[in-house]
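> got a predicted structure plus its sequence, pasted below:
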There are 2 protein chains.
Amino acid sequence: MKTYKIDDVARETGLTKRTIRYYEEIGLMPTPERSEGGTRQYTREHIDHLLHVISARDVLGFSLQEIQDYIVYARELSGQRQLYPQIQEPEQKLAKLREMDETLDAQLRKLDEKAGKILAMKAELEQFRARVGAGIDLLEAKQQNHTKDIEMEETGK
Amino acid sequence: MKTYKIDDVARETGLTKRTIRYYEEIGLMPTPERSEGGTRQYTREHIDHLLHVISARDVLGFSLQEIQDYIVYARELSGQRQLYPQIQEPEQKLAKLREMDETLDAQLRKLDEKAGKILAMKAELEQFRARVGAGIDLLEAKQQNHTKDIEMEETGK
DNA sequence: TCTAACGTTGACGTTAACGTTAATATGTAG
DNA sequence: CTACATATTAACGTTAACGTCAACGTTAGA
């Protein structure tokens, strides 16, 4: 399997090397394998994972802690469970699934709320921009007239 | 005009008194009038202003600096210009308007980006939730079968 | 094999966004 | 007028999310 060094990952994700190590440190990313000498060897999955984290961080303004909750669920559901402890007891599993369902539902409601407010803010900003545009047109027209007068004065001399 | 003390504002906005003073300190809110003794006297506009700031902060995850840009423009455009210095020179005004236009454009692009990513994330979470739901159904069915023999009277439901 | 470029681990520094505390003045109910 | 809740400024403390630096080991190409 192809592996990547931390500099490659930094280039592909736009994160700094420090940030990548930090995310590993706080458990936001599964720890990669190491080479004989201790160099971290990332896989494509690590990169995808980070891109996911970045998206959640930037777009949602979630704290890294909140993102972690989300990430853990995503991992548990996408088959890469070997990275996190697996639950065997059916009753516990059911309880866990119900908990996840609730959390997902709450997050979805949050997202809907955010989407709605983003639309409202967009409308407001667009209105502002229309006014600014009108102001620019007005002043440009004035300047046109002004320079026209000057030209006439000059030619009249 | 009715005025509010800082504790009233804190109650209505959910912010702490410290945060309210901090927002004033960093220029996120127009400085309120003071009583003879120096007590801040807020108006309803201050409260509405703060609610706006909170919305931008919570929902969009903007930094307070980014919010400030937005707020300043909003103020300058909504007629309450006495709170901020007014530009008189037409050329400076035109330059300022062009700057505002650019900033607004940039913020609108950001908003579009966020909206897009929110939709993507929503789709993903919904997919997760569907899987979780399937898992719950499965386990519940198993449990049903298991308890069917024992709890005969409930099978009639 | 040598060396330059890159990687590693501490460990301390920084910035935003407030919290907390202290010392003091102000506003108000009785 | 007194007492007591609430206000003020000033200053230092805190936490998250990294930045930066030093000292040192690793990797890869000529």
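The structure has been received and is ready for your questions. Numbering: from 1, shown residues only, chains lettered A, B, ... in the order given.
> now A:Lys5: closest residue in space, sequence neighbours ignored.
Nearest non-adjacent residue to A:Lys5, counting by Cβ to Cβ, 6 or more residues apart in numbering or on different chains: A:Thr39, 6.6 Å away. Yep, even glycine has a C-beta here, placed from its N, CA and C like the rest.
> ok, A:Thr16 touching A:Asp7?
No. Counting by Cβ atoms under 8 Å, A:Thr16 does not reach A:Asp7; the two are 10.4 Å apart.
> quick one: pLDDT of the residue nearest to A:Lys5?
On pLDDT, A:Thr39 comes in at 98.
> what does A:Gln82 give?
Looking at A:Gln82, its pLDDT stands at 41.
> with A:Lys148 instead?
Looking at A:Lys148, its pLDDT is 71.
> and it, which helix or strand is it part of?
Taking DSSP states H and E as the definition, A:Lys148 sits inside helix A:90-156.
> from A:Gly61, how far off is A:Met121?
Taking Cβ to Cβ, to the nearest Å as the measure, A:Met121 falls 13 Å from A:Gly61.
> wait, A:Glu113
Going from A:Glu113 to A:Gly61 by Cβ to Cβ gives 13 Å.
> give me the common contacts of those two.
Listed as contacting both A:Glu113 and A:Gly61 by Cβ atoms under 8 Å, 6 or more residues apart in numbering or on different chains are B:Val59.
> who has more neighbours out of these two?
A direct count of neighbours by other Cβ atoms under 10 Å in any protein chain shown for A:Glu113 and A:Gly61 places A:Gly61 higher, at 17 against 12.
> quick one: the more buried one and B:Leu60 touch, right?
Yes. A:Gly61 lies in contact with B:Leu60 (Cβ under 8 Å); the separation is 6.5 Å.
> circling back: which residues do A:Met121 and A:Gly61 both contact?
Residues touching both A:Met121 and A:Gly61 by Cβ under 8 Å, 6+ apart: B:59-60.
> residue of chain A closest to chain B, please.
Of all residues in chain A, A:Gly61 sits closest to chain B, at 1.7 Å by Cβ to the nearest Cβ.
> gap between the helix holding A:Lys148 and the chain center?
Averaging C-alpha positions (Cα atoms, centre = their mean, to the nearest Å) puts helix A:90-156 18 Å from its chain's average.
> does that helix reach chain B?
Yes. Helix A:90-156 comes into contact with chain B (Cβ under 8 Å from any Cβ of the partner chain), by way of A:90, A:93-94, A:97-98, A:100-101, A:104-105, A:107-108, A:111-115, A:117-119, A:121-122, A:124-126, A:128-129, A:131-133, A:135-136, A:139-140, A:142-143.
> so which elements touch that helix?
Under the contact definition 3 or more Cβ pairs under 8 Å, 6 or more residues apart in numbering or on different chains; DSSP states H and E, helix A:90-156 sits against helix A:64-77, helix B:44-60, helix B:64-77, helix B:90-148.
> how about those in a markdown table, adding distance to DNA strand C?
Listed next are these as a markdown table, based on distance: least, Cβ to the nearest atom of the strand, whole Å:
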| stretch | distance to DNA strand C |
| --- | --- |
| helix A:64-77 | 14 |
| helix B:44-60 | 6 |
| helix B:64-77 | 3 |
| helix B:90-148 | 16 |
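> out of the ones you listed, which is closest to A:Ile47?
Among these, the nearest to A:Ile47 by Cβ to Cβ is helix A:64-77 (14.3 Å).
> now that closest one: mean pLDDT?
Helix A:64-77 comes out at a mean pLDDT of 76.
> just checking, what packs against that helix?
Under the contact criterion of 3+ Cβ pairs under 8 Å, 6+ apart, helix A:64-77 touches helix A:44-60, helix A:90-156, helix B:90-148.
> which one of these lies nearest to DNA strand D?
Across the helices and strands packed on helix A:64-77, DNA strand D has its closest neighbour in helix A:44-60 (6.2 Å, Cβ to the nearest atom of the strand).
> does DNA strand D sit close to that closest one?
Yes. Looking at helix A:44-60 against DNA strand D by Cβ under 7 Å from any atom of the strand, the contacts come from A:Arg57.
> ok, and for that helix, which residues are buried?
For helix A:44-60, burial by neighbour count (16 or more other Cβ atoms under 10 Å in any protein chain shown) applies to A:46, A:49-50, A:52-57, A:59-60.
> now swap in stretch A:113-131 and tell me
By neighbour count on 16+ other Cβ under 10 Å, the buried set for stretch A:113-131 is A:114-115, A:118, A:121-122, A:125, A:128-129, A:131.
> got phi/psi on the residue in chain A that DNA strand D sits nearest to?
Ranked by Cβ to the nearest atom of the strand, the top residue of chain A for proximity to DNA strand D is A:Gly37, at 2.5 Å. Main-chain dihedrals, A:Gly37, degrees, to the nearest 10: phi -80, psi -10.
> can you list contacts of stretch A:59-76?
A:23, A:26-28, A:30, A:49, A:52-53, A:56-57, A:81, A:83-84, A:100, A:103-104, A:107, A:111, A:114, B:58-62, B:113-114, B:117-118, B:121, B:124, B:128.
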